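>>> Could you work out the structure for the sequence below:
(one chain, ligands or ions: 2)
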Amino acid sequence: MSQPVTGFSKLNKEEKIEWLNSHYLQNSPDAIKVLKQYWNEDAKLQQLHEEFTENTLSNFYLPFGVAPNFLINGKLMAIPMAIEESSVIAAASKAAKFWGSRGGFKATVINTKKIGQVHFIYTGEKEKLKRFYDYIKPVLLDSVRDITQNMEKRGGGVLDIELRDKTAALENYYQLHCYFETKDSMGANFINSCLEKFAHVFQAEAENWKEFTSEEKDIEILMSILSNYVPECVVRAEVSCPVEQLSEENGMKGEEFAQKFIRAVRIAEIEKYRAVTHNKGIMNGIDAVVLATGNDFRAVEAGIHAYASKNGTYTSLTHAAVEDGIFKFWMEIPLALGTVGGLTSLHPLVKLALDMLQNPSARELMEIVAVAGLAQNFGAVQSLITTGIQQGHMKMHLMNILNQQQATPEEKRIIVDYFRKNTVSHSSVITQLEKLRQQ
Ligand SMILES: CC(C)(COP(=O)([O-])OP(=O)([O-])OC[C@H]1O[C@@H](n2cnc3c(N)ncnc32)[C@H](O)[C@@H]1OP(=O)([O-])[O-])[C@@H](O)C(=O)NCCC(=O)NCCSC(=O)C[C@@](C)(O)CC(=O)[O-]
Ligand SMILES: NC(=O)C1=CN([C@@H]2O[C@H](COP(=O)(O)OP(=O)(O)OC[C@H]3O[C@@H](n4cnc5c(N)ncnc54)[C@H](O)[C@@H]3O)[C@@H](O)[C@H]2O)C=CC1
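Residues are numbered from 1 along each chain as shown. Ligands and ions are numbered 1, 2, ... in the order given. Sure thing, here's the model as predicted:
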């Protein structure tokens, strides 16, 4: 490929595939076959998926699974999970079962405030800007009435606007730091529309503000955008039980298990290398539910990891303690989720996932997602401090190895049976398969 391509976006799907194949895939008939074999037979459904994004060539499958037996705030739920990694759904299901017989999970939404900012440059006297802001704030709130009226009927809207002086960090830099309540939507489009209107009105009114010099009137709007850092849109998930109830299924006395578990969490609290992996385990659960329910996992990931370092050092999102003989395990995380808007009513599997969850509000979905994260972390840490992670993970990964080796259904049956009593490793599976094939 020696030249960049122009007008690629204007080609139709077949032409795009042809171009790609001739320039990057050595005109391979197999490549075309692979791409086309993932097209849906239902042309309307195929078109729907193609139009979710741009330059679509095919569909990319992820397994859509379910973790049953989640008792959350007294309600028994089956949680949909879209994830490619083996053992995640098994671990969530196992943790759900474990806590289901110990009172279940409790989850509470603490707050649902979202944030957006207009970033601007003002060169001039701070006091004058402050006086202008006092005048403009009600004008700004009034200027978005046409955008906010329906959200206000739902109990949401713009909550507040603050003028923030950031000049200590960057010369002449200020913000309109705005708070929103977006009810059952994630709110990105609602927030961004309000912010862009604020920016426009702010700039236009500054030009007419008599106190300003001509330089002060010339406010430069840099950008208007929601923040994916939502430390005031937070949910708490927790489990607890008497310490002695931890002994069952763990092959350890409850006291010993609790102590090891709390230490493992403590290490994630104080040690960054461990914290990142610990939190990755939490995100196994969170991302899978966020994806299955059509939410924006990039936004969720970015916000949660920022929250994990809110005190200046990256640390564990979960915490554990024993108080008066009661083992407690909990987590507070920020989550900006929607059960309306985005893909939620468009993607048939997303609709089904939300139906499975009995069509939750965004607040209820926050609780479910947080519980999935907490359960996942419990499952991973429980494995780490008892059998080690590889035993369970490799047990679940066995099928991937067999598929890589193109094992037949009969070979799979025999090998799976063999590894019920033997430890799975990549090489041991290959050896067993070779032995079988030589027989
Ligand atoms: C894998 C298990 C669950 C096996 O655990 P086990 O005790 O061998 O499972 P079991 O066969 O005795 O079954 C017990 C229950 O587990 C579930 N379960 C068991 N097998 C299945 C299956 N095939 N499909 C669906 N569910 C399954 C299911 O709920 C089942 O109950 P049942 O349905 O029979 O009434 C356990 O070893 C475990 O929880 N391991 C942790 C796995 C894990 O965390 N994986 C994530 C990937 S590793 C990673 O990315 C993160 C990490 C670990 O690095 C994070 C960190 O370091 O903190
Ligand atoms: N930085 C980021 O995270 C950005 C994300 N996005 C994308 O924006 C999308 C989410 O934006 P949204 O504004 O949530 O989606 P949206 O604009 O599709 O739908 C939300 C709208 O649904 C309506 N609505 C109906 N019933 C409602 C109810 N009960 N509660 C609240 N609203 C209700 C409201 O008009 C609301 O504005 C996602 O696809 C995300 O990926 C877009 C820009 C930036």
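>>> By mean pLDDT, point me to the weakest helix or strand of the protein.
helix 389-404 (a mean of 85; mean pLDDT, DSSP states H and E).
>>> And the next helix or strand past it?
helix 409-418 (DSSP states H and E).
>>> all strands for the stretch 101-250 of the chain, in order.
106-109, 114-121, 157-165, 173-181, 220-226, 234-242 (DSSP state E, counting those that start in this stretch).
>>> any idea how far the nearest residue to Leu346 once chain neighbours are set aside lies from Leu140?
Leaving out its chain neighbours, the residue that sits closest to Leu346 by CB to CB, 6 or more residues apart in numbering is Leu48, at 6.9 Å. Heads up, the C-betas are built off the backbone N, CA and C, glycines and all. The gap separating Leu48 from Leu140 is 38 Å, by CB to CB, to the nearest Å.
>>> Tell me the confidence at the residue located most distally from the centre of the chain?
Going by CA atoms, centre = their mean, the residue of the chain most distant from its centre is Gln439, 48.1 Å out. Looking at Gln439, its pLDDT stands at 87.
>>> What distance do you get for the closest residue to ligand 1 within the chain to Thr293?
Per CB to the nearest ligand atom, Gly392 is where the chain lies closest to ligand 1, at 1.8 Å. Separation of Gly392 from Thr293 (CB to CB): 26 Å.
>>> If we ignore the residues flanking it in sequence, what's nearest the residue in the chain positioned nearest to ligand 2?
Taking CB to the nearest ligand atom, ligand 2 has its nearest neighbour within the chain at Gly341, 2.2 Å off. Once flanking residues are discounted, Gly341 sits nearest to Ser185: 4.3 Å by CB to CB, 6+ apart.
>>> ditto for Val34
Ser58 (7.9 Å).
>>> With Phe180 instead?
Lys114 is the one closest to Phe180 (CB to CB, 6+ apart), at 4.7 Å.
>>> Kindly state the pLDDT recorded for that neighbour?
On the pLDDT scale, Lys114 gets 98.
>>> For it, give me its contacts.
Tyr179, Phe180, Glu181, Thr182, Gly187, Ile191, Leu226, Ser227, Val230, Glu232, Cys233, Ala336 (CB atoms under 8 Å, 6 or more residues apart in numbering).
>>> could you flag which of those are buried?
Taking 16 or more other CB atoms under 10 Å as the criterion, what is buried in the contacts of Lys114 is Phe180, Glu181, Thr182, Gly187, Ile191, Leu226, Ser227, Val230, Cys233, Ala336.
>>> list the contacts for the second one?
Under the criterion of CB under 8 Å, 6+ apart, the neighbours of Glu181 are Thr112, Lys113, Lys114, Met151, Gly155, Gly156, Gly157, Leu159.
>>> Neighbour-wise, give me the winner out of the residues you listed.
Neighbour counts for these peak at Lys114, which has 27 neighbours (criterion: other CB atoms under 10 Å).
>>> Now do the buried residues in the helix ranked longest in the chain.
Longest helix of the chain, by residue count under DSSP state H: helix 362-385. Under the neighbour-count criterion of 16+ other CB under 10 Å, helix 362-385 has 362-385 buried.
>>> Those residues also near ligand 1: which ones?
Gly379, Ala380, Val381, Ser383, Leu384 (CB under 6 Å from any ligand atom).
>>> ok, now which ones touch the third one?
Contact criterion CB under 8 Å, 6+ apart gives Phe261, Ala264, Val265, His278, Gly281 as the residues in contact with Val381.
>>> can you rerun that using 7 Å?
Phe261, Ala264, Val265 (CB atoms under 7 Å, 6 or more residues apart in numbering).
>>> Now list the buried members of the residues you listed.
In those, the ones that pass as buried (16+ other CB under 10 Å) are Phe261, Ala264, Val265.
>>> which regions of the protein lie under the pLDDT threshold?
1, 248-250 (pLDDT under 70).
>>> Quick check: residues of it near ligand 1?
85, 87-91, 93-94, 97, 277-278, 280-281, 284, 379-381, 383-384, 389, 392-393, 395-396.
>>> May I see the PyMOL selection of the buried members of those residues?
Filtering the residues of the chain next to ligand 1 down to the buried ones (16+ other CB under 10 Å) takes a single PyMOL command:
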select buried, resi 87+88+89+90+91+93+94+97+278+281+284+379+380+381+383+384+392+393+395+396
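>>> if we can go back for a sec, got a list of contacts for the least confident helix or strand of the chain?
Contacts to helix 389-404, defined as CB under 7 Å, 6+ apart, come from residues 86-87, 90, 380, 383, 412, 415-416, 419, 423-426, 429.
>>> and the stretch 1-150 of the chain, which residues reach ligand 2?
Asn150.
>>> and Met283, what element?
Element membership for Met283, per DSSP H and E: helix 272-292.
>>> In the stretch 201-350 of the chain, mark out all the helices, start to finish.
214-217, 254-270, 272-292, 297-308, 348-356 (DSSP state H, counting those that start in this stretch).
>>> got the buried residues for the second one?
Residues of helix 254-270 classed as buried: Gly254, Phe257, Ala258, Gln259, Lys260, Phe261, Ile262, Ala264, Val265, Ala268, Glu269 (neighbour count, 16+ other CB under 10 Å).
>>> Next: the last one.
Residues of helix 348-356 classed as buried by neighbour count (16+ other CB under 10 Å): Val350, Lys351, Ala353, Leu354.
>>> What distance do you get for the residue farthest from the centre of the chain to Thr408?
Gln439 is 13 Å from Thr408, where distance means CB to CB.
>>> Show me the domain layout of this protein.
What automatic domain parsing lists as the domains of the chain is 8-50, 64-110+235-386, 114-226, 393-438.
>>> Leu337: neighbouring residues, count only.
30.
>>> Could you dump the helices of the stretch 201-350 of the chain into CSV and include distance to Lys36?
Formatted as CSV, the helices of the stretch 201-350 of the chain follow (distance: least, CB to CB, whole Å):
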stretch, distance to Lys36
helix 214-217, 59
helix 254-270, 45
helix 272-292, 25
helix 297-308, 28
helix 348-356, 21
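>>> Looking at these, spot the one closest to Phe52.
Closest approach to Phe52 among the helices of the stretch 201-350 of the chain (CB to CB): helix 348-356, 10.7 Å.
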